[in-house]
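J.: predicted structure and sequence below. I'll ask about it afterward.
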Amino acid sequence: MPGLSRRGAPAGARQAGCRVYTSRVTHDEENGMLMQRTATAADLGRLWELRTRAVRATCASHYPPDVIETWCAAAPPVSLPLLVQAGGTVVAEEDGLLIGYAILNQETGEVDAAFVEPAHQGRGIALGLLRELETMARLRGLARMFLSASLNAVPFYERAGFRSVREELYPHRSGIGIRSVFMEKLLPRPA
């Protein structure tokens, strides 16, 4: 479920000790072992490849081919390795294969991305990843999470508790404008 990032990497991305997430393993007899863990720099190439496959497969129903091609041809943003280094990226793996990931800018609360391999969508993987991002956000004391959702992803984010704020034309770094919906989720204050 694509989110479109509007901000750069967090100011503290280069600080040591930013990670707040630990691995979680679950076993599903039908689907195998599913593990969620913090991403590392070694994952960067696979994250971007997964993102491109997911955009091609899931966004084509809502965007014209020229927009999809330009969107997918863009190089990774310079903020991606910084967000990963800051510890705000959670990946889902099954039997050693990366099948999903989600990124939270832990300074601002922006959900930078949430993607699942097309063949694995509909299993609750992305919802599980978003729950982990919400846990990170709460641990950081953030009051809300927000994102620019691709049109096809709006129903998914609504199911995850986000609400639509406004429609917008997202200024993609490739130079095109991508129709999207700005969404946010208010987080309960800690007791």
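T.: Sure, I can see it. Numbers count the residues shown, from 1 in each chain.
J.: immediately after the helix or strand of the chain with the lowest mean pLDDT, which helix or strand?
T.: Across the helices and strands of the chain, mean confidence by mean pLDDT, DSSP states H and E is lowest for strand 24-28: a mean of 49. Counting by DSSP states H and E, the element after strand 24-28 in chain order, helix or strand, is strand 32-38.
J.: just give me how far that next one sits from the chain centre.
T.: Using C-alpha atoms, centre = their mean, to the nearest Å, the mean C-alpha position of strand 32-38 is found 16 Å from that of the whole chain.
J.: toward the C-terminus, what is the element adjacent to it?
T.: helix 44-58.
J.: okay, buried residues for that next one please.
T.: Across helix 44-58, burial judged by 16 or more other C-beta atoms under 10 Å covers 44, 47-48, 50-52, 54-55, 58. C-betas here are computed from N, CA, C, even on glycine.
J.: any low-confidence regions in this protein?
T.: 1-32, 190-191 (pLDDT under 70).
J.: what segments of it are helices?
T.: Applying DSSP state H to the chain gives helices spanning 44-58, 65-73, 79-85, 125-139, 154-159.
J.: could you tell me how far the fourth one lies from the centre of the chain?
T.: The offset between the C-alpha centroid of helix 125-139 and the centroid of the whole chain comes to 10 Å, using C-alpha atoms, centre = their mean.
J.: pull the residues that contact that helix.
T.: 1, 20-21, 24, 34, 36, 88, 90, 92, 99-104, 106, 109, 111, 114-116, 144-145, 156, 159-160, 185, 187-188, 190 (C-beta atoms under 8 Å, 6 or more residues apart in numbering).
J.: which among these count as buried?
T.: 1, 21, 34, 36, 88, 90, 92, 99-104, 106, 109, 111, 114-116, 145, 156, 160, 185, 187.
J.: which of these fall in strands?
T.: 34, 36, 90, 92, 99-104, 111, 114-116, 145, 185 (DSSP state E).
J.: closest to residue 80 out of those residues?
T.: Nearest to residue 80 out of those is residue 103 (C-beta to C-beta; 7.9 Å).
J.: the closest one pairs with what?
T.: Beta-bridge pairing for residue 103 (DSSP bridges): residue 89, residue 113.
J.: how many other residues sit next to residue 163?
T.: Using other C-beta atoms under 10 Å, the number of residues around residue 163 comes to 11.
J.: does it touch residue 184 like I think?
T.: Yes - using C-beta atoms under 8 Å, residue 163 is in contact with residue 184, at 6.5 Å.
J.: thinking again about what came up before, now, which of the ones in strands among the buried ones among the contacts of helix 125-139 sits nearest residue 84?
T.: Nearest member of those to residue 84, counting by C-beta to C-beta, is residue 103, at 7.6 Å.
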